[in-house]
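In: got a structure for you, letters missing:
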DNA sequence: CTGAAAGCGCTAACAC
DNA sequence: GTGTTAGCGCTTTCAG
């Protein structure tokens, strides 16, 4: 059995209260006993039980992170940054792959609640009122990453999707494109709708009219992007550029173009969104709208931890600005 | 405050023992009281505290997963499969990014121990005796993924690196290559050494001699692969093929070839290792040695859970076999 | 079938 | 400075 505080107390010839005090550096303990107790703990390889401590009212120093799929590089990078920052604050993080399945989300929530996590960061893209409301009801600190809930007062860190979409559209317009397609993951999703709205706005300002036919729905995969794009190529009047709402879709578009025997970027310009590692790896390197992934994770954790520690009452929505990253998948065009 | 078992007992007009029994479906409880208690729990939105339960001797249903870097797609996929399988068994997983830093590893270990995780899966590639020994001393179930420790009796799930290396080398040999380079991440690492040994063996069998000059050390990044490969291109007698010990390095090699103005795969064949999602995304699609990532995570969790539940005493080393996945980055060659 | 009571390992007053 | 003691929320004998 693991040694307990009693074992340490006995071996050190002091009371458990004293041991507890030296563990937590609380109360007043003479230097001598402190050192002595420390050495005994060392000797016994004593590891204070955080679960017992948590039961006493301390927090568990654990947060939950729900996301659709860790195998998706975007979310993996989010997870990495959340874990990093969490660890800096002394928090461990539970990961939960929800696959955007509302049932799984609810189950994870319940589980996290039973494990008494101190807070939850949700990076799911789904609009799940039920999920969130439960959370809020339980009065457990929560922070949203990626996509706000306009009707809920909850800490949120997000990127300005509208601006990102605008930057993408504007970039394409400036390059001289007239027929610009859009590949979207899922219109149920507010972030995506905003990205599209932004993009459309850029086209409008340029006097281009947006044809709904040029907006295709894919998903969060390369395959779906490829398929959607190849459909678009069947139109009599092919688009010369496409804005894809995530890098995966953008890669699919590139692949569809290749399959159709087109040259990139001369015959098709593509702009992605997210700026995951994939954007740099692909050929041609992908022009994309960069989300400040590190910063998103970091800020979300900071917000959450502040709330956990009760240092903050004001909920807030932090909107970070995206940036256009120029690479080689987009080029000027004239016809 | 969250409702406790007492609240439920009181509201239901029974004792806490009874409530406990219906929660855990233990002992004998009349149908009537069971249903009644359930409805009360519902009413109160009661969530049993797993931390209190854990204190009583039950396990925490939590495992820790240490890995170098979640942002690396290979480890992200590992993490995804571990979490999936863990969740199926009812376990939550703590992620720990160690960056292969021995200090961080030791600290995480201590933390996990204090949080009383039921077991640990380590996917770090470093040979850290200290780390593992501590773990074993503490008698906490552990399973290794990715790289065995020959001198330690610990559950391990790994791929046959030697065979993988052989498959890669053999493939290249069969394509007619004579000058085959190797890009390795790090020679301190047993897995990598085995991959190289396997590859060399294939070359030897074909009567080719392996020039040490053609073996270059990179790291776990595209940049390092690119750099290492471009060094190799400076040789008077360029290699016509390269085996890279991971997909990231392979992508670096591809990029270096592009920068050097070479055609792929006609002027350079490249074979990777891992078969991460990247292999399918890159252009040309990467021929690579596939690790059964899903299966590795799954088996490791199964082993660990068995040990946690005390259903197993025999430690074992499971060696899964890699497979050559043919894509378009390798082609036959003759000079 | 159901309940009383003794812990699990630790913290936090409150005494001494 | 240090020790005593009463919980934290739950599980688990052991009676009834």
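Out: Good, I have the coordinates. Fair warning: this is a prediction, and the values are worked out from it, not measured in the lab. Numbers count the residues shown, from 1 in each chain, chains lettered A, B, ... in the order given.
In: CA only for contacts and neighbour counts going forward, please
Out: Fine.
In: check contacts around the residue lying closest to residue A:214 once chain neighbours are set aside.
Out: Leaving aside its chain neighbours, residue A:214 sits nearest to residue A:181 (4.7 Å; criterion: CA to CA, 6 or more residues apart in numbering or on different chains). Residues near residue A:181 by CA atoms under 8 Å, 6 or more residues apart in numbering or on different chains: A:214, A:215, A:216, A:239, A:240, A:241, A:242, A:243.
In: quick one: the strands in the stretch 101-250 of chain A?
Out: A:119-122, A:142-145, A:155-159, A:180-184, A:215-217, A:241-244 (DSSP state E, counting those that start in this stretch).
In: so where's chain A uncertain?
Out: In the predicted model of chain A, residues A:126-128, A:131 satisfy pLDDT under 70.
In: who in chain A is up against DNA strand C?
Out: Within chain A, the positions lying close to DNA strand C (CA under 7 Å from any atom of the strand) are A:2, A:4-6, A:16-17, A:20-21, A:23-24, A:47-50, A:52-53, A:55-58.
In: do that again at 10 Å, thanks
Out: A:1-9, A:15-28, A:46-59 (CA under 10 Å from any atom of the strand).
In: domain parsing for chain A?
Out: Domain ranges of chain A: A:5-48, A:62-159+A:293-320, A:161-291, per automatic domain parsing.
In: so which of the ones you listed is the most packed in?
Out: When you average the neighbours per residue for each of these (mean count of other CA atoms under 10 Å in any protein chain shown), domain A:161-291 leads with a mean of 22.
In: picking up where we left off before, out of the residues of chain A next to DNA strand C, which are inside strands?
Out: Among the residues of chain A next to DNA strand C, no member falls in strands (criterion: DSSP state E).
In: could you pick out which of those are near chain B?
Out: Applying CA under 8 Å from any CA of the partner chain, the subset of these adjacent to chain B comprises A:2, A:47, A:48, A:49, A:50, A:51, A:52, A:54, A:55.
In: of those, buried ones?
Out: Buried by 16 or more other CA atoms under 10 Å in any protein chain shown: A:47, A:48, A:49, A:50, A:51, A:52, A:54, A:55, out of these.
In: could you measure the first one against residue B:132, distance?
Out: If I follow you right, that is residue A:47. 17 Å (CA to CA, to the nearest Å).
In: can you list the residues of chain A near chain B?
Out: Near chain B, when you scan chain A using CA under 8 Å from any CA, you find A:2, A:47-52, A:54-55, A:69-71, A:73, A:76-77, A:79-80, A:83-84, A:92-97, A:110, A:113-116, A:138, A:251, A:278, A:281-283.
In: how about residue A:187: what's its closest non-neighbour residue?
Out: residue A:193 (6.0 Å).
In: these two touch, right, that neighbour and residue A:185?
Out: No. Counting by CA atoms under 8 Å, residue A:193 does not reach residue A:185; the two are 9.7 Å apart.
In: which residues of the stretch 51-200 of chain A fall in helices?
Out: Secondary structure of the stretch 51-200 of chain A (DSSP state H, counting those that start in this stretch): helices at A:73-88, A:102-114, A:129-137, A:161-174, A:190-205.
In: just the stretch 201-335 of chain A next, same as before
Out: Under DSSP H, counting those that start in this stretch, the stretch 201-335 of chain A gives helices at A:222-233, A:247-259, A:277-281, A:293-308.
In: does the last one reach DNA strand D?
Out: Okay, so that is helix A:293-308. No. Judged by CA under 10 Å from any atom of the strand, helix A:293-308 stays clear of DNA strand D, getting no closer than 17.3 Å.
In: nearest to DNA strand D: which residue in the stretch 201-335 of chain A?
Out: Ranked by CA to the nearest atom of the strand, the top residue of the stretch 201-335 of chain A for proximity to DNA strand D is residue A:308, at 17.3 Å.
In: that residue: what's it in contact with?
Out: Neighbours of residue A:308 in contact, by CA under 8 Å, 6+ apart: A:118, A:119, A:141.
In: what's near enough to touch the last one?
Out: Contacts here follow CA under 8 Å, 6+ apart; on that basis residue A:141 touches A:118, A:119, A:120, A:304, A:307, A:308.
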